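> Okay, predicted coordinates and the sequence, questions at the end:
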Amino acid sequence: MTENEIAKQIVNAAYMVHTKLGPGLLESVYEAVLAYELRKCGLRVVCQEPIPVFYESVRLDIGFRADMVVEDSVIVELKSVEAITPVHKKQLLTYLKVADKRLGLLINFGAELLKGNVTRIANGLKDE
């Protein structure tokens with residue numbers, strides 16, 4: 001399954017979760033429910049996966065924690081805020097580079113509507 005096919009399933013599940021729960025809950029709630037929905041679809045999901053950072057020749061195990069990594073290829077960064085800012089997008093792009101992944105999704109469950117609040121961030125991934 002390609003990154004784009006996985007992303008489509010993630011977005012569909014996110015819309016379902018947002019429709020059922022609405023905005024305003026903690027990110028941890030959306031993370032747990034979205035992970036549940038994705039696992040029901042047969043996808044492998046790891047929540048709060050520690051991603052090390054390599055600096056020069058040193059491995060730093062406290063790099064960051066990815067909210068979700070789906071099928072070991074797509075990083076999902078979840079927010080529950082009024083609006084996504086440019087720094088959120090830059091953060092996800094940096095996560096992708098550090099983790100050597102090609103696709104990430106930034107999903108803001110805090111918005112009234114999910115439409116327009118899902119951002120696809122690519123790191124060298126061509127459209128398929």
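Good, I have the coordinates.
> Got phi/psi on residue 27?
For residue 27, the backbone dihedrals (degrees, to the nearest 10) come out as phi -50, psi -40.
> Quick check: it vs residue 64, distance?
Distance, residue 27 to residue 64, using Cβ to Cβ, to the nearest Å: 15 Å. (C-beta placed from N, C-alpha, C; glycine too.)
> Residue 36 versus the most centrally placed residue in the chain, what's the distance?
Centroid-nearest residue in the chain, with Cα atoms, centre = their mean: residue 76, separated by 0.7 Å. Distance of residue 76 to residue 36, given as Cβ to Cβ: 14 Å.
> go on, residue 83?
Going from residue 83 to residue 36 by Cβ to Cβ gives 27 Å.
> do the same with residue 20
Distance, residue 20 to residue 36, by Cβ to Cβ: 11 Å.
> Can I get stretch 112-120 in CSV? Just the C-alpha atoms.
Only the C-alpha atoms of stretch 112-120 are listed here, as CSV (Å, rounded to 0.1, in the frame of the first residue of the first chain):
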residue,chain,number,x,y,z
GLU,A,112,-15.7,23.4,13.6
LEU,A,113,-15.3,21.6,10.3
LEU,A,114,-12.5,19.2,9.4
LYS,A,115,-12.7,20.2,5.8
GLY,A,116,-9.8,22.6,5.2
ASN,A,117,-8.1,21.5,8.4
VAL,A,118,-6.2,18.5,7.1
THR,A,119,-2.8,19.4,5.7
ARG,A,120,-0.7,17.0,3.6
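> Which residues does that stretch contact?
Outside stretch 112-120, the residues that touch it by Cβ atoms under 8 Å, 6 or more residues apart in numbering are 7, 11, 14-15, 18-19, 23, 84, 89, 92, 103-109, 111.
> quick one: which of those residues sit in helices?
7, 11, 14, 15, 18, 19, 89, 92 (DSSP state H).
> The residue nearest to residue 9 when sequence neighbours are not counted: neighbour count?
Distance criterion Cβ to Cβ, 6 or more residues apart in numbering; nearest residue to residue 9, sequence neighbours excluded, is residue 41 at 5.7 Å. Counted by other Cβ atoms under 10 Å, the residues lying close to residue 41 total 13.
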